[in-house]
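> just need the structure, nothing else, for what follows:
(2 chains)
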Amino acid sequence: MELKVHNSLRRRLERFEALTPPHVGMYVCGPTVYSDPHLGHARAALAFDTVFRFLRFLGYRVRYVRNITDVGHLEDETAERGEDKILKRARLERVEPMEVVHRYTVSYHEGMRRLGCLPPSIEPTASGHIVEQIQVVQKIIEAGLAYEQDGSVYFDLEKYVHSGAGDTSGRTPYGALSGKVFEDLMANTRETAGGSDKKSPLDFALWKRAEPTHIMRWPSPWGEGFPGWHLECTTMSTRYLGETFDIHGGGLDLQFPHHEAEIAQSHGAFGRDPARYWLHSNMLTVAGQKMAKSIGNFITLEEMFSGSHPALDRGWDPMVVRFFMLQSHYRSTIDFSNEALGGAEKGFSRLQAMVGAAEDYLRREEGDVPDDRAPSVTGSVTGSVTGADLYRRTDAGPLEDPLAAAGRSAPAPGTLASPPGDGHAAAVADAIEACWSAMSDDFHTPRTIAALFDLGKLTLQPEHRKVAAETQGAAARTLLLFTREVLGLVPAEGHSRREGQGRREGPLDAALELLISLRQEARARRDFAAADAIRDKLAQAGIQLEDGKDGTTTWTAR
RNA sequence: GGCGCCGUACCCAAGUGGUAAGGGAGAGGACUGCAAAUCCUUCAUUCGCCGGUUCGAAUCCGGCCGGCGCCUCCA
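This is a model prediction of the structure:
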């Protein structure tokens, strides 16, 4: 089995081959921290979190770099007098730019954490790499592909495009990534209002002269100014991943002009394409309409979780949002609606129940549960997960999976024995195989989820519980590891479920136990009115009681 | 105007030449004091429309209709 990814450079699926295995370098365009994180941020972060997780699961040592843009991103990149987003916000809120940056960086992190996105390995900021950016500008100038104009430096796009003819570095032609033709762009570009320093409207700023009122400014060979928005990604990806690295990701909206500019800059400065695989996550709509500031249907993560946005009937748990997004492929657009979210919530809770059952099974039958907790401190892989061995097996002969001993490995596709005539074992093997092949097919999370449901059903069906322990164990491990580790779907926030008898952890637990036992007594004397009243009141308070067949009562709070 | 995507059951969503995954909702049943949960069964002869290619098409080609996106804010 091989991993295939959709490369925007050629718009097709390509076999993924790491530049220097087992290492993988991945750069993803992060947020401009000038406002609260919204669903769009979630979509992009989630898409690449999935890529990150699966690559790690395969045993790659991934360095995942995602930047924080805290300077230089103008309100209107094409106009000459665009205002810096951070500065504008700082002016509106009457605070220091760095306060804006810090506040929204924190809220971005918080949102991503709640969505279960692992932190990147490195999260560099543009303002922290001014010196490096200046150096890149100088290199581009030396290459003759940039010009200075009144304290600003612009990339000479026309010259770059026309200099590409004899280029032997295998460079991606300008426009190829986003499917644009330079001449068309030129023809369609109208003259920007007001005087422009640029020689051509498509030239973009590498360095901008700071106006006297511009607070964020740094000294440079061209006077005081600040870096152009596209430059930071070129600079920081090179700094941490090298001049050419494996994967570059970002939202589809960044494909043009941002990523085209990055390719051009990389060639200007280093003479090579920055990334081998370009991955783009698609956009989302809200109730069938694009989510845009101008339409006013931007939903922030906080609004999503709390339900405070008018478009939402109520709040949705971050894990439900995650599950919902993973139910569509990252290259498809996804539409948010209350109805669709409601369906996702039910499905998510069912999947969790199945995973819980798998967990119970492993604990009971094998005395061990795979460590399903995602690393929470660092995004770096430990090097111990060796699913990748499964992929390399072709030339290396049978490998001893070091995790098998630890009881935490997911069985490799094709390794599960399925005795002839045992249709159930074969079905389980198929479902396990489907998990691997779906994720290996451009991180196809919807198909993976479908396979996980299949697996859960096959495992839970009473008539199938007597199959070989090996089969059951393999199913349980796959279900658990793919759900928790690969898809990052963990139980919803604040979700807790305990047996009606026993554990007491706090005063409220004790009070709840009391209510439950009072209700049990009422039921015992067939006073169902009283029993139902207790159950209804607790339900209103967000505590769901469930009576088991053996007379116990469990509760779930949310 | 340039480039591109999509249209599959009530909703969400896979499938891209071999006879329609999965989830939710709905229906019937088991269990239950009743719920809930769980389990079982059921739920598109059909894939926007019309032509064409093919032994065979949701899948390929052409046309039409409808929805959407990027090119400006925005992930």
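> skipping adjacent residues, who's closest to residue A:487 in space?
Distance criterion C-beta to C-beta, 6 or more residues apart in numbering; nearest residue to residue A:487, sequence neighbours excluded, is residue A:326 at 5.8 Å. Every C-beta, even on glycine, is put in place using the N, C-alpha and C of the backbone.
> closest point of chain A to RNA strand B, which residue?
residue A:251 (1.8 Å; C-beta to the nearest atom of the strand).
> residue A:221 is in contact with residue A:138, correct?
Yes - using C-beta atoms under 8 Å, residue A:138 makes contact with residue A:221 at a distance of 7.1 Å.
> more neighbours: which of those two?
Set residue A:138 next to residue A:221 and count neighbours by other C-beta atoms under 10 Å: residue A:138 wins out with 18 against 11.
> what's near enough to touch that one?
Taking C-beta atoms under 8 Å, 6 or more residues apart in numbering, we find residue A:138 in contact with residue A:221.
> per-residue confidence for it?
Listed pLDDT for residue A:138 reads 97.
> so which strand or helix has it?
helix A:130-142 (DSSP states H and E).
> okay, buried residues for that helix please.
Across helix A:130-142, burial judged by 16 or more other C-beta atoms under 10 Å covers A:130, A:132-134, A:136-141.
> format those as CSV; extra columns: distance to residue A:259.
Below are the buried residues of helix A:130-142 laid out as CSV (distance: C-beta to C-beta, whole Å):
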residue, distance to residue A:259
A:130, 22
A:132, 20
A:133, 17
A:134, 22
A:136, 16
A:137, 19
A:138, 23
A:139, 19
A:140, 17
A:141, 22
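> shaky segments in chain A?
Within chain A, the ranges that satisfy pLDDT under 70 run A:77-81, A:165-168, A:189-196, A:367-422, A:461-467, A:494-505, A:558.
> now the nearest residue to residue A:455 once chain neighbours are set aside: how far from residue A:347?
Spatial nearest neighbour of residue A:455, chain neighbours left out: residue A:431 (4.3 Å); criterion: C-beta to C-beta, 6+ apart. Going from residue A:431 to residue A:347 by C-beta to C-beta, to the nearest Å gives 17 Å.
> mind naming the longest helix for chain A?
As assigned by DSSP state H, the longest helix anywhere in chain A is helix A:338-361.
> what about that one, near RNA strand B?
Yes - judged by C-beta under 7 Å from any atom of the strand, helix A:338-361 comes into contact with RNA strand B through A:339-340, A:342-344, A:346-347, A:349-350, A:353-354.
> circling back to that earlier point, list phi and psi for the residue nearest to residue A:455.
Note on residue A:431: backbone dihedrals following degrees, to the nearest 10 are phi -70, psi -40.
> what segments of the stretch 351-500 of chain A are helices?
In the stretch 351-500 of chain A, the helices defined using DSSP state H, counting those that start in this stretch lie at A:387-396, A:402-406, A:423-440, A:445-460, A:469-481.
> deepest-packed of the ones you listed, please.
helix A:469-481 (a mean of 23; mean count of other C-beta atoms under 10 Å).
> using CSV, write out every CA atom in that helix.
Below are the C-alpha coordinates for helix A:469-481, written out as CSV (Å, rounded to 0.1, in the frame of the first residue of the first chain):
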residue,chain,number,x,y,z
ALA,A,469,-9.7,-13.3,19.7
GLU,A,470,-7.2,-12.3,17.2
THR,A,471,-9.9,-11.0,14.9
GLN,A,472,-11.7,-9.2,17.7
GLY,A,473,-8.5,-7.7,19.0
ALA,A,474,-7.4,-6.5,15.7
ALA,A,475,-10.7,-4.9,15.0
ALA,A,476,-10.8,-3.2,18.5
ARG,A,477,-7.3,-1.9,18.1
THR,A,478,-7.9,-0.5,14.6
LEU,A,479,-11.1,1.1,15.7
LEU,A,480,-9.5,2.7,18.7
LEU,A,481,-6.3,3.9,17.1
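> got a list of what the residue lying closest to residue A:258 once chain neighbours are set aside touches?
Of all residues not flanking residue A:258 in the chain, residue A:230 sits nearest, at 5.8 Å (C-beta to C-beta, 6+ apart). Shown in contact with residue A:230 (C-beta under 8 Å, 6+ apart): A:204, A:206, A:257-258, A:261-262, A:265.
> what about those residues, which one has the most neighbours?
Neighbour max across the contacts of residue A:230 (other C-beta under 10 Å) = residue A:206, 31 neighbours.
> report the contact partners of it.
By C-beta under 8 Å, 6+ apart, the contact list for residue A:206 reads A:136-137, A:140, A:146, A:153-155, A:227-228, A:230-231, A:265.
> so which of the residues you listed sit within helices?
Assigned to helices by DSSP H, the following of these qualify: A:136-137, A:140, A:230-231, A:265.
> switch these over to TSV; also include distance to residue A:455.
Conversion of the ones in helices among the contacts of residue A:206 to TSV gives the following (distance: C-beta to C-beta, whole Å):
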residue	distance to residue A:455
A:136	49
A:137	53
A:140	52
A:230	44
A:231	47
A:265	46
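> want to throw the residues you listed into TSV with distance to RNA strand B?
Shown next, in TSV, are these (distance: C-beta to the nearest atom of the strand, whole Å):
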residue	distance to RNA strand B
A:136	21
A:137	21
A:140	21
A:230	11
A:231	15
A:265	17
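> does residue A:54 touch residue A:444 like I think?
No - the criterion here is C-beta under 8 Å, and residue A:54 misses it with residue A:444 at 10.3 Å.
> how far away is residue A:439 from residue A:56?
Distance, residue A:439 to residue A:56, using C-beta to C-beta: 12 Å.
> residues from the stretch 351-500 of chain A in reach of RNA strand B?
Residues of the stretch 351-500 of chain A that fall close to RNA strand B, judged by C-beta under 7 Å from any atom of the strand: A:353-354, A:444, A:446-447, A:449-450, A:453-454, A:456-457, A:460-462.
> could you pull out the helices for the stretch 201-350 of chain A?
A:229-241, A:260-270, A:301-306, A:318-326, A:338-361.
> just send the ones you listed back as JSON lines, with distance to residue A:171 too.
Shown next, in JSON lines, are these (distance: least, C-beta to C-beta, whole Å):
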{"stretch": "helix A:229-241", "distance to residue A:171": "14"}
{"stretch": "helix A:260-270", "distance to residue A:171": "5"}
{"stretch": "helix A:301-306", "distance to residue A:171": "38"}
{"stretch": "helix A:318-326", "distance to residue A:171": "34"}
{"stretch": "helix A:338-361", "distance to residue A:171": "42"}
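> shouldn't residue A:13 be within a strand?
Yes - secondary structure assignment places residue A:13 in a strand (DSSP: H, G, I helix; E, B strand; the rest coil).
> ok, for it, nearest residue in space, not its chain neighbours?
Closest residue to residue A:13 apart from its sequence neighbours, by C-beta to C-beta, 6+ apart: residue A:4 at 4.5 Å.
> list the contacts of the one you found.
Shown in contact with residue A:4 (C-beta under 8 Å, 6+ apart): A:13-16, A:440-442.
> now those residues: which count as buried?
A:16, A:440-442.
> could you dump the residues you listed to CSV with distance to residue A:178?
Formatted as CSV, these follow (distance: C-beta to C-beta, whole Å):
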residue, distance to residue A:178
A:16, 22
A:440, 27
A:441, 24
A:442, 19
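> could you identify the most distant pair in these?
Largest separation among the buried ones among the contacts of residue A:4 by C-beta to C-beta: A:16 and A:441, giving 11.1 Å.
> quickly check: stretch A:96-112 near RNA strand B or not.
No - Stretch A:96-112 lies out of reach of RNA strand B by C-beta under 7 Å from any atom of the strand, never closer than 9.4 Å.
> domain map for chain A?
A:4-281, A:291-385+A:392-493, A:496-557 (automatic domain parsing).
> single out the most deeply packed of the ones you listed.
It is domain A:4-281: most buried of those by mean count of other C-beta under 10 Å, with a mean of 19.
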